[in-house]
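Visitor: Only the shape, not the letters, is given here:
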């Protein structure tokens, strides 16, 4: 059977429940408006391949963990490693892109994890695929990557009354359905899904991580402090306490779009760090280090604050980019002293990816 023939990698045990407590291509101006050039097709991404099962209708009740299928139940693999597809969830047609690692094949003896990448406001999955360089890291470290598109350019769940929320979109349900769909068609471990997000994509995955039954095992955000509305939802006594979950926050101290000092609708970076450390029941103060940087003409560096004594062995890592602005650092900039994508993948791999 599938679970026998495929060796599950990493530590994907279920996190225990606990009692409820009382870029880069992506640029934003000072008003938070995004200016994204139309991405040009690059080698390996020029053709869009639609699978035979291009349109799958998922039931509106997307609760519960996906069931890992048996190997013989998987459709035959057509050899396409980069493709676009659609999925209907709660009556809404959703679009996404997928990259499978270059050595992927159904008949392999090891299932692979899944990384889901959430774009910022007004962007799309293709922009994130081209801007982050995560496909290359997926080939090296052997994981699949999905790049979903938000409805009307916004993720529902911040919550701030954005267009997706006004349409009644439920993006946590969409995420569950996407994980289930991919696990039913590829040798992907459904309980080894991880998430990273930029700006509003980061706001959303912080909200998703706060869910009692979150479908992801760890998150990494760039350019996203916590929305005050999300903090209020997570802290209310009637809300089921989330499980501890590893979190990476990366944020530029010169970010004018999501200011690190906060604003009326956003916590400051320090407040976000405090909330996440409390939710993960971290003990003691953060350890502060300055990771080595590559030679560069840019005057930026990372000040890392790491909480590594948290419940269930989770970690909260806050990387403050001194001199950094609102962008995804490094992937398309050969002069960058570090790669945000490499740091994201390294952190998530310590969490089992």
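Guide: In hand now; what should we look at? Here the structure is a predicted model, which means the values were calculated and not measured. Numbers count the residues shown, from 1 in each chain.
Visitor: ok, residue 96 - how many residues close by?
Guide: Residue 96 is flanked by 22 other residues according to other Cβ atoms under 10 Å. (C-beta placed from N, C-alpha, C; glycine too.)
Visitor: Pull the number of nearby residues for residue 75.
Guide: 12.
Visitor: Look at it and give its secondary structure.
Guide: Following DSSP: H, G, I helix; E, B strand; the rest coil, residue 75 is assigned to coil.
Visitor: Please report how far it lies from residue 187.
Guide: Plainly put, residue 75 is 11 Å away from residue 187 if you go by Cβ to Cβ, to the nearest Å.
Visitor: Residue 118 now?
Guide: Taking Cβ to Cβ as the measure, residue 118 falls 24 Å from residue 187.
Visitor: cool, residue 73 as well?
Guide: 11 Å.
Visitor: Neighbour count: the two, which is higher?
Guide: residue 187 (25 against 11).
Visitor: I'd say the more buried one and residue 106 touch.
Guide: Yes: counting by Cβ atoms under 8 Å, residue 106 is a contact partner of residue 187 at 5.7 Å.
Visitor: which stretches of the stretch 201-350 of the chain form strands?
Guide: If DSSP state E, counting those that start in this stretch is used as the criterion, the strands of the stretch 201-350 of the chain fall at 219-222, 247-252, 287-289, 301-307, 316-322.
Visitor: Any idea which of those strands gets closest to residue 262?
Guide: Residue 262 lies closest to strand 247-252 among the strands of the stretch 201-350 of the chain, at 11.3 Å (Cβ to Cβ).
Visitor: Give the buried residues for the closest one.
Guide: For strand 247-252, burial by neighbour count (16 or more other Cβ atoms under 10 Å) applies to 247, 248, 249, 250, 251, 252.
Visitor: That strand pairs with which strands, parallel or anti?
Guide: strand 219-222 (parallel), strand 316-322 (parallel) (DSSP bridges).
Visitor: Can you add distance to residue 146 and mean neighbour count and give those back as JSON lines?
Guide: Output for those, formatted as JSON lines (distance: least, Cβ to Cβ, whole Å; neighbours: other Cβ atoms under 10 Å):
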{"stretch": "strand 219-222", "distance to residue 146": "15", "mean neighbour count": "30"}
{"stretch": "strand 316-322", "distance to residue 146": "23", "mean neighbour count": "22"}
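Visitor: Switch these over to a markdown table; also include distance to residue 195.
Guide: Formatted as a markdown table, the strands paired with strand 247-252 follow (distance: least, Cβ to Cβ, whole Å):
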| stretch | distance to residue 195 |
| --- | --- |
| strand 219-222 | 5 |
| strand 316-322 | 15 |
